[in-house]
Every structure is written in structure tokens, then in C-alpha cells.
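1. With the input below, show me the fold.
(one chain, ligands or ions: 2)
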Amino acid sequence: MAKIKIINVVAGIIINQEGEILTTKRKPNRVWGNYWEFPGGKIKRGETAKAALTRELDEELGIKTKIGPLVMSPINYDYSYGQVKLQFYYVKMLSADIKLTAASQFKWLVPAELVEFDWPPANQPLIEYLVNHSLPLKNF
Ligand SMILES: Nc1nc2c([nH]c(=O)n2[C@H]2C[C@H](O)[C@@H](COP(=O)(O)OP(=O)(O)OP(=O)(O)O)O2)c(=O)[nH]1
Ligand SMILES: [Mg+2]
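-> Ligands and ions are numbered 1, 2, ... in the order given. As a prediction, this is how the structure comes out:
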């Protein structure tokens, strides 16, 4: 039996003072091209999830960040190329300017607007969670 490839991914639910969440659009040539996502990426061997997220947000957006609590329990989802294990943390930005390197666009959205965009299927439970729970604007 072929071994299933596990892909550990961490992404940020970056929130601003207005109660909006930062979302980015994946470039067309990548897996899930043109779908929206929460910025982040694969955790490297030996790296903690929070360190990986800090690194990815610096690489993909050129921002300094404060990583807060986990949003919900990890999501496991089988794609054709492997099983992704997705962890999401709430994040605040400590620097103002966003310089996109991995994404083609970004948008700030209030939670209710998230349902209007196309997400990779693994994100479905997360989108539902964010629509139904208030953001921790003051708690970290
Ligand atoms: N960042 C992110 N990845 C997601 C989300 N939802 C989802 O299914 N994924 C999947 C897509 C990919 O299979 C994987 C993340 O891979 P990636 O290609 O963005 O990883 P990376 O940033 O490390 O990029 P690379 O160095 O491999 O190019 O997780 C999401 O909301 N954010
Ligand atoms: Mg990425």
C-alpha cells in the first residue's frame, strides 16, 4: 500500500482594528491556483508551527507579526497529492506595509464576506467557524 504523504501547513488569520481578516489569492500556476487562502505555508522539519508562520508571513507579505491563539482544532483533508494538516492561528500585524511575493492580490474582509469567495475545500470548516464566532480583537 502506498504511504500517504502528510503535508503540515500553518496559516494566519490576520486581523486588523476594524475587525477584518486578510485574505490572499493564490497565483494561477500553483496548486489551487486563483483560489483564496489565508497566508502561510508548509512547516519545515524541526520548525515549530508558530516559527513557521512567522517565517511564512515575513516571506509572503513582508510583515512582522504577533502570533496569537489557535483558531480551532487542526483540519485534516485528503487532496490527490497528499493529506494536508492545517493549523490556523490568529495573528496581528506589527508592521504596516504589505509586499506580496506569493499571492496575486489581497483583500481585507469581514467574516460574513468570506463565504463569497472560492476556498480550497479543506477550508470549509474554518470559514464556518469564522463566520459564527467573534474575532479576538483585544485578547492578545
Ligand atoms: N497557506 C494556505 N494553504 C492552504 C490553505 N488551504 C489549503 O488547503 N491549503 C493547502 C494548499 C497547499 O496544498 C498547502 C500549502 O502549500 P503552499 O504551496 O502554499 O506552501 P508554501 O507557502 O510553503 O509554498 P511553497 O514553498 O511550497 O511554494 O496547503 C490556506 O488557507 N492557506
Ligand atoms: Mg503559502
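
2. Could you tell me how many residues sit around F88?
-> Neighbours of F88 under the rule other CB atoms under 10 Å: 24. Using the backbone N, CA and C atoms, a C-beta is placed for each residue, glycine as well.

3. And Y77, by the same measure?
-> Neighbour count for Y77, taken as other CB under 10 Å: 16.

4. so it sits in a strand?
-> Yes: applying DSSP: H, G, I helix; E, B strand; the rest coil, one finds Y77 inside a strand.

5. Just the pLDDT for the residue nearest to it when sequence neighbours are not counted.
-> Closest residue to Y77 apart from its sequence neighbours, by CB to CB, 6 or more residues apart in numbering: A122 at 3.5 Å. The model reports A122 with a pLDDT of 98.

6. which ones are touching A122?
-> Counting by CB atoms under 8 Å, 6 or more residues apart in numbering, A122 makes contact with I75, Y77, Y79, V84, L86.

7. One more pass at 7 Å, please.
-> Taking CB atoms under 7 Å, 6 or more residues apart in numbering as the criterion, A122 is in contact with I75, Y77, V84, L86.

8. same thing with L137?
-> Here L137 is in contact with I15, G19 (criterion: CB under 7 Å, 6+ apart).
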